[in-house]
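Enquirer: Give me coordinates for this.
(chains A and B)
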Amino acid sequence: MTSEPLVADHVLEFPGGYTRSTGPVIGRFLTELRDGRVVGVKTAGGRVLVPPLEYDPATGEPVTGEWVEVGPAGTVTAWAWVHEPRKEHPLDRPFAWALIRMDGADTALVHAVDAGNPKAMRPGLRVRPRWKTDREGGITDIACFVPEVTMIVSPTRAEYRIRASASLTRFLEGIRDGVFRGGRCAACDKVYVPIRVSCPECGNVIGEEVELPGTGTVTTFAINNLPDPRAPEVPFISAYILLDGADIPMIALVGGVPAHEVRQGMRVRAEWAPAEERTPSMSSVKWFTPTGEPDVEL
Amino acid sequence: MRQVRDVAVVAFAQTRHTGHDTGASEPELILPVLEEVRAQTGLRRFDFTCSGSCDYLAGAPFSFVSALDALGAWPPISESHVEMDAAWALYEAWVRLQHGDADTALVYGFGKSSMGDLRAIMTLQLDPYYLAPLGLDQLSYAALQASALGASRDELDRIVRRSRTAGRENPYALDLPADEDGGFLVEPLKAHDVAPVTDGAAAVVLAAGDRAGELATRPAFIRGIAHRIEPHYLGMRDLARSASAADAARAAGVGKGPVEVAELHAQFSHEEIILREALELPADTVVNPSGGPLAANPVMATGLIRIGEAARRILDGSASRTVAHAAGGPCLQHNLVAVLEA
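Expert: Sure thing, here's the model as predicted:
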């Protein structure tokens, strides 16, 4: 006696497929498809059926012999998004099934729309057929429909060589050496970091250079969900950090802490790259990381 | 509709449906429900027998003929079959009883959708020129209809929750979690919007004239029954409503009295919304107290079970007027509506 169920595979198939006569109406439609045209047939009441049928579904009367070319564009009236295509489906990537009313038709055609993602789909979307190159006279001679062009992508890129100013060079050399250098305005007593040539508030030339500690306070921050080559991970935090002793904050990354725990008033310290890896570049500061001190009232 | 003879449902039985293949062959699946309605009525022979099933479910041509083994068809019996849900077998039996020379009919339906891939099998019913070559599967065309309807996610979830909760109270239906939140299968439909894969069978006995009162203390009389169909091609219809279900409901006389219970053959949650509107069901009608197809969907018996469940509530005295609905074809193409009264 067996304890395991006896199981076998079974396939029901007509090898090679059935041959089916098309009749004059469907045959005409499929022939036109093979030539790259979508046509409809008129009913006695003047409606244009696409795809054409031999009989008017509304009245049961035979359709007329009058044919009209429709499209090439059509309008989506309803759609359903296939997240995981099956092997029988016309596309091997996520796509929409849609009811498409071809321009000039009074009924809707069922077909696939290669729209990339469901956000691109909406009732009223204008679509056009993407034809197969080798057509044989079947509904799949239209590989799928694709949305009409309403948007283009404009790549923008220009390359520059930037030479650091004297004050920036001085600041970045400080970064290389593991210190933040700022400047104090003799007139208004404000401390700016990075170091700058003149005071943006009163316009005086800044003469006095100060060294600031690598500790400070987060005054505000943003959680960035788009990747950036300068950030080590996504999401990453870019924050305004008011270094202790400075009067204006500088922008830097905050790390070593879950994004949702970063807050205004959080105390942070610079996490430096090892001395032998440091260059005169902000990448020498990996990021700012929480010190664990109590938050500061801003 | 002019009705010649009173015809009633006098017995109903169904399997304890399963979500997996128990290994029972089709005759083995049918036999217990046949025995049950035989016991309920005391009948061993029927003047007419009609069944509904689909050979594609088993992938075996003439599997419905093999299923006759469960009947004991010798000496020869008067028998027929529809390659449709057995609700249409019941319709054929009802018509047959109208002839006047037959008084009792056995109707049964069965299906084991666990053996194949129902989404793909249902593609085989589509027109071979325009729809089947696209590989348009059952869930995909249902999702197109849900999209055309534009039902809210909240409403769909409520229907599923209510159906599954009712199903858990129904010993014949599957025990499915009332709350489930999965991702979209084919947007806007999620997995729980879809009737579960189910194996099962059901049987009904019809009796005409005086035989009805002899075989049941409270027969469920079929006061109206009608079916209507609309164009097959999805783009030729307004998928947001079901004109054929509305026509069938009018012809069956649904609106001629109160409807205490309606059992609707909604295999996707959004179909219930379309059907409620088409049948113009009053707000106080209890819909699918059995859990409906969303709690158990033995394909080809599901529609007959709707009639059986609606009749059972008359037979057991818990209702006086109920409505049953069955559907076939893609996107509710073909609809049958029956009105049952004490």
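Enquirer: Poorly predicted segments of chain B, please.
Expert: B:1-3 (pLDDT under 70).
Enquirer: any idea which residue of it is furthest from its center?
Expert: Ranked by distance from the centre of chain B (C-alpha atoms, centre = their mean), the top residue is B:P75, with 30.4 Å.
Enquirer: my read is it is in a strand, agree?
Expert: No: per DSSP: H, G, I helix; E, B strand; the rest coil, B:P75 lies outside any strand segment and is coil.
Enquirer: measure it to B:R45 for me?
Expert: From B:P75 across to B:R45, the span is 9 Å (C-beta to C-beta, to the nearest Å). (C-beta placed from N, C-alpha, C; glycine too.)
Enquirer: go on, A:L243?
Expert: To B:R45, A:L243 is 98 Å away according to C-beta to C-beta.
Enquirer: now do B:D154
Expert: Taken as C-beta to C-beta, the span from B:D154 to B:R45 is 52 Å.
Enquirer: right, and A:A246 touches A:G183 too?
Expert: No: counting by C-beta atoms under 8 Å, A:A246 does not reach A:G183; the two are 10.1 Å apart.
Enquirer: can you list the domain ranges for the chain.
Expert: In the absence of a named chain, chain A is used. A:23-147, A:166-290 (automatic domain parsing).
Enquirer: nope, chain B please
Expert: B:7-117+B:197-215, B:118-195+B:221-341.
Enquirer: What residue, apart from its backbone neighbours, is nearest B:F268 spatially?
Expert: Distance criterion C-beta to C-beta, 6 or more residues apart in numbering or on different chains; nearest residue to B:F268, sequence neighbours excluded, is B:A142 at 4.6 Å.
Enquirer: need the contact list for the one you found.
Expert: By C-beta atoms under 8 Å, 6 or more residues apart in numbering or on different chains, the contact set of B:A142 is B:V186, B:L189, B:V194, B:Q267, B:F268, B:H270, B:E271, B:C331.
Enquirer: which ones are touching the last one?
Expert: This points to B:C331. B:C331 touches B:Y141, B:A142, B:L144, B:Q145, B:L234, B:R237, B:L239, counting by C-beta under 8 Å, 6+ apart.
Enquirer: now do B:D179
Expert: When contacts are counted by C-beta under 8 Å, 6+ apart, B:D179 touches B:R161.
Enquirer: quick one: secondary structure of it?
Expert: Of the three states, B:D179 takes coil under three-state DSSP.
Enquirer: partner strands of the helix or strand containing A:T219, parallel or antiparallel?
Expert: Element membership of A:T219, judged by DSSP states H and E, is strand A:215-224. Here strand A:215-224 is paired, per DSSP bridges, with strand A:236-243 (antiparallel), strand A:267-272 (antiparallel).
Enquirer: most tightly surrounded among the ones you listed?
Expert: strand A:236-243 (a mean of 21; mean count of other C-beta atoms under 10 Å in any protein chain shown).
Enquirer: what does that one rub up against?
Expert: With C-beta under 8 Å, 6+ apart as the criterion, strand A:236-243 contacts A:180, A:182, A:193, A:212-224, A:228, A:231, A:248-255, A:257, A:259, A:262, A:268, A:288.
Enquirer: Quick check: B:A148 is in a helix.
Expert: Yes: under three-state DSSP, B:A148 sits within a helix.
Enquirer: Put together JSON lines for the contacts of B:A142, with secondary structure on each row.
Expert: Shown next, in JSON lines, are those (three-state DSSP):
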{"residue": "B:V186", "secondary structure": "strand"}
{"residue": "B:L189", "secondary structure": "strand"}
{"residue": "B:V194", "secondary structure": "strand"}
{"residue": "B:Q267", "secondary structure": "coil"}
{"residue": "B:F268", "secondary structure": "strand"}
{"residue": "B:H270", "secondary structure": "helix"}
{"residue": "B:E271", "secondary structure": "helix"}
{"residue": "B:C331", "secondary structure": "coil"}
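Enquirer: Tell me the secondary structure at B:E92.
Expert: At B:E92 the chain is in helix, as set by three-state DSSP.
Enquirer: same deal with A:S3?
Expert: Under three-state DSSP, the three-state class of A:S3 is coil.
Enquirer: Double-check B:R237 against B:I274; I have them as touching.
Expert: No: the pair B:R237 and B:I274 does not pass the contact test of C-beta under 8 Å, sitting 11.5 Å apart.
Enquirer: Drop anything exposed from the contacts of strand A:236-243.
Expert: A:180, A:182, A:193, A:212, A:214-219, A:221, A:231, A:248-250, A:252-255, A:257, A:259, A:262, A:268, A:288 (16 or more other C-beta atoms under 10 Å in any protein chain shown).
Enquirer: Return the residues in contact with the most centrally placed residue in chain B.
Expert: The residue lying closest to the centre of chain B (C-alpha atoms, centre = their mean) is B:G303, at 0.4 Å. For B:G303, the contacting residues are B:G52, B:D85, B:A86, B:A87, B:W88, B:G109, B:H265, B:H325, B:A326, B:A327, B:G328, B:L336, by C-beta under 8 Å, 6+ apart.
Enquirer: For the residue nearest to the first one when sequence neighbours are not counted, give me phi and psi.
Expert: In other words, B:G52. The shortest distance from B:G52 to any non-neighbouring residue, by C-beta to C-beta, 6+ apart, is to B:A86 (3.1 Å). Here is the backbone geometry of B:A86 (degrees, to the nearest 10): phi -70, psi -10.
Enquirer: Distance check, B:A86 against B:A142.
Expert: Going from B:A86 to B:A142 by C-beta to C-beta gives 21 Å.
Enquirer: Out of the strands paired with strand A:215-224, flag the one nearest B:A342.
Expert: strand A:236-243 (71.6 Å; C-beta to C-beta).
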